[in-house]
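In: Could you work out the structure for the sequence below:
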Amino acid sequence: MPASHGVVGYAASESWPEVLLGHSERQHHRREGTERRILVVGPTRVATGGCAPIRMLGALREVSPDVRVGPEGCPVPGLTARDSAQGALTRFEGIARSWPLRRPSSGSCLGLLTLSLTKGDFQMILDRFGMTDKVAIVTGAGRGIGAASAVSLAEAGADVVISARTADQLGEVAKRIEAVGRKAVAVPADLNDLEAVAALVEHAREAFGRLDLVVNNVGGTMPQAFMDTSADVMEQAFHFNVATAHALLRPAVPLMLEGGGGSAVNISSAMGRLTGRGFLAYGTAKGALAHYTRLAATDLAPHIRVNAIAVGSVATSALDIVMQSDELRTAMEAGTPLGRIGDPEDIAAAVIYLASEAGSYVTGKVLEVDGGTEAPNLDMGIPDV
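Out: Residues are numbered from 1 along each chain as shown. As a prediction, this is how the structure comes out:
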C-alpha cells in the first residue's frame, strides 16, 4: 500500500461506490469465498462531497501523519480509538454515525466519515483483546498496577468501577478513563473492610446494570523477620490479600451470570512461589491467593474464568525506596534476567489478555510476569536467628 492521505479500512464487498474515494487501490483477498477491497478514503473527497454510509469490518489504519481520526477532533460518544502519529494500527470499536477527519495543523475538520463497525467474518487478532462495553471493577486503583489496569481496560473499551482509600488519586484515574471515552465510577473506601469490598458489586449494578470482570489488586504486607511476624500479622496478611478477593468475587458471581458469565484476575506475586527472608506473611498469603485462584476456577467453570498474575518487581509506590536509590535499583535490575524493573503497564497488558476473549481458553492459571525471576532479586539483609 503506497503512502496516501487517508484512512484505510476493509469494505464488505465490491459494491461500494468509488465516488466516495479520494484515492483507492484494489487488492483482492479471498477469505471463506468473500472478496474484499482495501479502501483509502481521501480527506479531499470527504471534505468536498461528504460521505455515504460504509460498512467497515475489523479495524481502520491511519496512514497519513497529517490527518487524525478521533478524540483530537470532535469526539463521538460510544466510539473509542487509539491513535498513533506513526500510522500504527488504530482500533475502533462500537457504533458511530459520524466520525470527524481533522487536520491538526489547522484545527479544521475535513469532513465526516460515516461508518458502522461489525466483526462479520473478518476478525483481526487484536479484536480478541477488546473489552468494548464490558464493565470491570478494579480494587486498589488509585495508583500503580490498579490504576494502570483500570485505564488500560478503558482504553480497550470497558467502563470501570475503581476503588481505593484516597479520593484524590481515584479522581485522577477517573479523568484518565473518561479521557478515552469511557465511564468511571470512583468509590473511595477502606478495602480492608470486607463489606466495603462487597458493596462495589452494587455500585457496578446501579451504574451499569452488569459486571464482566473483577480485578482483585488490593493487597500487600510489609516484609518482616520471622521472629517479628506474629500470628496476628499472618492473619492480617491473609485477610488483606485473600479474604478481600473472595469478598469481591463471591457477590460478583450472580451479576456476572446474569450477563452470561465473566472473569476474575487476582494480582498475586512471584513471592507466592519463591523463597526469601522477610516474606513469610506476604509470600504465604500470595501463595494462598494463587491456589484460591485454581480452586475458584474449578468451582466457577465454565461460565466464569478465574486467573491470577504472579507479579515480579514493578515500579510502584511499594518500591519507592528502591527506585530512589541508584545502588538498590541497580542491584535489583542485575538480579532480574530481563535486566529491568517492570512497569505497571506490563501487568495491565496481562490483565487485558486474561480478561478478554484473547484469554477465553485460560482459567485456573497463574501467569508469571516477573522479568524471568527465579529467586528474590534483592537481599533484604535479614540476619540469621
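In: quick one: low-confidence ranges for the protein?
Out: In the prediction, the chain carries residues with pLDDT under 70 at positions 1-124.
In: how much space between T284 and P188?
Out: For T284, the distance to P188 (Cβ to Cβ, to the nearest Å) stands at 30 Å. Quick note: C-beta positions are derived from backbone N, CA and C, even for glycine.
In: scratch that, L367 is what I was asking about
Out: Counting by Cβ to Cβ - L367 and P188 are separated by 30 Å.
In: beta partners of V160?
Out: With DSSP bridges as the criterion, the beta-bridge partners of V160 are A136, A184.
In: which ones are touching G312?
Out: The contact partners of G312, taken as Cβ atoms under 8 Å, 6 or more residues apart in numbering, are A270, T336, G342, E368, V369, D370, G371, T373, N377.
In: Go again with 10 Å.
Out: Contacts for G312 (Cβ atoms under 10 Å, 6 or more residues apart in numbering) come out as 269-271, 274, 332, 336, 338, 341-342, 346-347, 368-373, 377.
In: Kindly report the same for D384.
Out: Applying Cβ under 10 Å, 6+ apart as the definition, the contact partners of D384 turn out to be R277.
In: Figure out the helix or strand that it lives in.
Out: Remark: D384 resides in no helix or strand, with elements defined by DSSP states H and E.
In: How is this structure partitioned into domains?
Out: Residue ranges for the structural domains of the chain, counted by automatic domain parsing, are given in the record as 7-123, 128-369.
In: now the helices for the stretch 201-350 of the chain?
Out: Counting by DSSP state H, counting those that start in this stretch, the stretch 201-350 of the chain has these helices, from start to end: 231-238, 244-258, 280-300, 320-323, 326-334, 344-355.
In: Let's have those helices in TSV, adding distance to S149.
Out: Converted to TSV, the helices of the stretch 201-350 of the chain look like this (distance: least, Cβ to Cβ, whole Å):
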stretch	distance to S149
helix 231-238	22
helix 244-258	14
helix 280-300	16
helix 320-323	20
helix 326-334	23
helix 344-355	5
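In: quick one, which of these is packed in tightest?
Out: helix 344-355 (a mean of 22; mean count of other Cβ atoms under 10 Å).
In: neighbouring contacts of whichever helix or strand comes after that one?
Out: Once helix 344-355 ends, the next helix or strand along the chain (criterion: DSSP H and E) is strand 366-369. Outside strand 366-369, the residues within contact range by Cβ under 10 Å, 6+ apart are 265-266, 268, 270, 272-273, 286-287, 289-291, 293-294, 307-312, 314, 342, 346-347, 349-351, 353-354, 359, 374.
In: so how many other residues sit close to I382?
Out: Taking other Cβ atoms under 10 Å as the criterion, the count of residues near I382 is 15.
In: nope, P302 is what I was after
Out: Residues within reach of P302, counting by other Cβ under 10 Å, total 7.
In: residue contacts, it?
Out: Taking Cβ under 10 Å, 6+ apart as the test, what P302 contacts is G261, T363.
In: how about stretch 162-181: buried residues?
Out: By neighbour count with 16 or more other Cβ atoms under 10 Å, stretch 162-181 contains the buried residues I162, S163, A164, Q169, L170, V173, A174, R176, I177, V180, G181.
In: From these, pick the one nearest E155.
Out: Top of the list for closeness to E155, among those and by Cβ to Cβ, is V180 at 5.2 Å.
In: isn't that closest one right up against V173?
Out: No. When contacts are counted by Cβ atoms under 10 Å, V180 is not listed as touching V173 (11.8 Å).
In: Excluding chain neighbours, what is closest to K365?
Out: Taking Cβ to Cβ, 6 or more residues apart in numbering as the measure, K365 lies nearest to N307, with 5.2 Å between them; neighbours along the chain are not counted.
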